[in-house]
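J.: Pasting the sequence and the predicted model now:
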Amino acid sequence: MKVLVTGGGGFLGKAIVKLLLQQGHEVCSFARNIYPQLTMLGVEQSVGDLTDLSAVIKAADGCDLICHVAAKAGIWGSYDEFYRPNVIGTKNIIQACRKCAITRLVYTSSPSVVFDGSDLEGVDESVPYPDHYLSWYPQTKAEAEQLVLAANDASLATVALRPHLIWGPEDNHLVPRILERGRAGALRRIGERSCLVDTVYIDNAAKAHVLAAEKLSSDSVIAGKVYFISNDEPLPLWDIVNRILAAGGIQAVEKTISPQLASVIGALLENVYRLLRLSGEPRMTRFVAKELSTAHWFDISAAKRELGYQPQVSVAEGLRRLQDWLQQGD
């Protein structure tokens with residue numbers, strides 16, 4: 001196949017690109033920048049914005065499949081900052097598939113699209129979307145996911161994957177945030193509960209996407225469906241955080257605040273940032289307070305059964321690889 005990966009220079013996108021190349025596929029990337037690592041891999045790169053339909057169509061022309069990975073992530077920002085890339089961008093990807101007669105679309109979603117602020121314990125893909133969201137990111141990702149699933153038909157087969165908390169070497173989002181705040185002594189356990197959380201190592205997340213790409217067709221069992229993707233190793237949240245800190249040579253988090261106080265602090269900081277139009281993002285928001293004080297683990301039996309997905313790198317092995325990578329950077 002010739003595959004277009006949106007966000008091919010990002011953490012997950014690059015891992016997918018590398019794995020597709022290893023499997024013998026031709027790969028091109030669409031992103032806002034040129035990435036030297038992709039150039040070294042011989043990947044054709046198109047520069048543009050997801051909200052520019054003509055640029056998306058130009059990049060997609062001649063491809064057999066699109067892996068739509070690119071998105072605006074994060075916990076803070078205006079609605080428009082998230083809506084334009086996540087929803088309009090996804091609409092443009094679907095239109096490009098139609099215009100260029102591309103028959104397959106793999107979409108990277110997020111388990112946060114079904115998070116209503118309460119525990120998600122062993123849930124499968126039947127869990128409904130909530131009526132209300134505490135952050136623009138899950139709200140816009142949910143809208144985009146529904147657009148992708150609704151687009152599935154005889155001419156365009158679509159599938160959505162929900163990888164949860166992707167981490168590993170070269171992570172430029174989750175791991176650096178944990179290490180930075182750990183070094184600054186700014187991390188606090190929220191609550192005394194031992195909430196279990198699923199995560200997914202980067203290589204496993206990439207493998208799930210390539211499996212979906214290779215299995216997807218209009219008559220395949222996965223067409224029009226969504227799948228949770230994780231390491232299938234639920235662990236107490238703060239055990240995971242402390243093991244990542246340990247990989248970076250940083251002391252474990254021991255201080256605790258209550259979920260109620262964290263939520264109050266989050267609401268106050270949100271209001272201050274809005275009123276004063278401060279740059280950056282608050283250290284705490286209501287969404288983060290809920291995320292860090294509830295359980296999030298999933299039944300991934302559908303992904304195992306229908307995608308043939310099996311996590312190949314354990315959390316323990318992933319942490320060893322992460323530690324090696326962090327030490328190389330010191």
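T.: All right, it came through fine.

J.: alpha carbons only for contacts and neighbour counts from here, please
T.: Will do.

J.: so how far is residue 270 from the closest residue to residue 272 other than its chain neighbours?
T.: Once flanking residues are discounted, residue 272 sits nearest to residue 278: 7.9 Å by Cα to Cα, 6 or more residues apart in numbering. When distance is defined by Cα to Cα, to the nearest Å, residue 278 is 10 Å away from residue 270.

J.: Which secondary structure elements does the host helix or strand of residue 327 sit against?
T.: Assigned by DSSP states H and E, residue 327 falls within helix 315-329. In terms of contacts (3 or more Cα pairs under 8 Å, 6 or more residues apart in numbering; DSSP states H and E), helix 315-329 is packed against helix 237-247.

J.: So which bits of the helix it packs on are buried?
T.: For helix 237-247, burial by neighbour count (16 or more other Cα atoms under 10 Å) applies to 237-245, 247.

J.: Now do residue 170, the pLDDT please.
T.: You'll see residue 170 listed with a pLDDT of 94.

J.: my bad, residue 76
T.: At residue 76, pLDDT is 86.

J.: Would you confirm that it belongs to a helix?
T.: No. Under DSSP: H, G, I helix; E, B strand; the rest coil, residue 76 falls outside any helix and is assigned coil.

J.: Look at the nearest residue to it once chain neighbours are set aside and report its pLDDT.
T.: In this structure, residue 76 finds its nearest non-sequential neighbour in residue 281, 5.7 Å apart by Cα to Cα, 6+ apart. pLDDT, residue 281: 84.

J.: Ok, residue 61 next?
T.: 97.

J.: ditto for the one 4 residues further on
T.: The pLDDT attached to residue 65 in the predicted structure is 98.

J.: any chance you could map the helices in the stretch 1-150 of the chain?
T.: Listed in chain order, the helices of the stretch 1-150 of the chain (DSSP state H, counting those that start in this stretch) span 11-22, 36-40, 53-60, 79-83, 89-99, 136-150.

J.: Need those helices in CSV (columns: distance to residue 66).
T.: CSV is the format used below for the helices of the stretch 1-150 of the chain (distance: least, Cα to Cα, whole Å):
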stretch, distance to residue 66
helix 11-22, 12
helix 36-40, 17
helix 53-60, 8
helix 79-83, 20
helix 89-99, 8
helix 136-150, 12
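
J.: could those go into TSV alongside mean neighbour count and distance to residue 196?
T.: Formatted as TSV, the helices of the stretch 1-150 of the chain follow (neighbours: other Cα atoms under 10 Å; distance: least, Cα to Cα, whole Å):
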stretch	mean neighbour count	distance to residue 196
helix 11-22	20	24
helix 36-40	12	36
helix 53-60	20	40
helix 79-83	17	29
helix 89-99	21	32
helix 136-150	21	20
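
J.: for the chain, what helix or strand is lowest in average pLDDT?
T.: helix 286-291 (a mean of 86; mean pLDDT, DSSP states H and E).

J.: Now it - C-alpha only, PDB.
T.: Extracted C-alpha coordinates of helix 286-291, given in PDB (Å, rounded to 0.1, in the frame of the first residue of the first chain):
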ATOM      1  CA  ARG A 286     -11.100  20.200  36.700                       C
ATOM      2  CA  PHE A 287     -10.500  17.700  33.900                       C
ATOM      3  CA  VAL A 288      -7.000  16.800  35.100                       C
ATOM      4  CA  ALA A 289      -8.300  16.500  38.700                       C
ATOM      5  CA  LYS A 290     -10.900  14.000  37.600                       C
ATOM      6  CA  GLU A 291      -8.400  12.100  35.300                       C
END
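
J.: Report whether the expected contact of residue 67 with residue 5 is present.
T.: Yes. Contact criterion Cα atoms under 8 Å: residue 67 and residue 5 qualify, at 4.8 Å.

J.: A strand includes residue 158, no?
T.: Yes. According to three-state DSSP, residue 158 belongs to a strand.

J.: still on that earlier bit, and the residue nearest to residue 76, what does it touch?
T.: Taking Cα atoms under 8 Å, 6 or more residues apart in numbering, we find residue 281 in contact with 75-77, 273.

J.: switch the cut-off to 10 Å
T.: 74-77, 269-270, 273 (Cα atoms under 10 Å, 6 or more residues apart in numbering).

J.: Take the residues you listed and lay them out in CSV including distance to residue 161 and neighbour count.
T.: What follows is these, written out as CSV (distance: Cα to Cα, whole Å; neighbours: other Cα atoms under 10 Å):
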residue, distance to residue 161, neighbour count
74, 18, 13
75, 20, 18
76, 23, 19
77, 24, 18
269, 32, 18
270, 30, 19
273, 33, 16
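
J.: one step back: next SSE downstream of the least confident helix or strand of the chain?
T.: Immediately after helix 286-291, counting by DSSP H and E, sits strand 296-298.

J.: the longest helix in the chain is where?
T.: As assigned by DSSP state H, the longest helix anywhere in the chain is helix 259-276.
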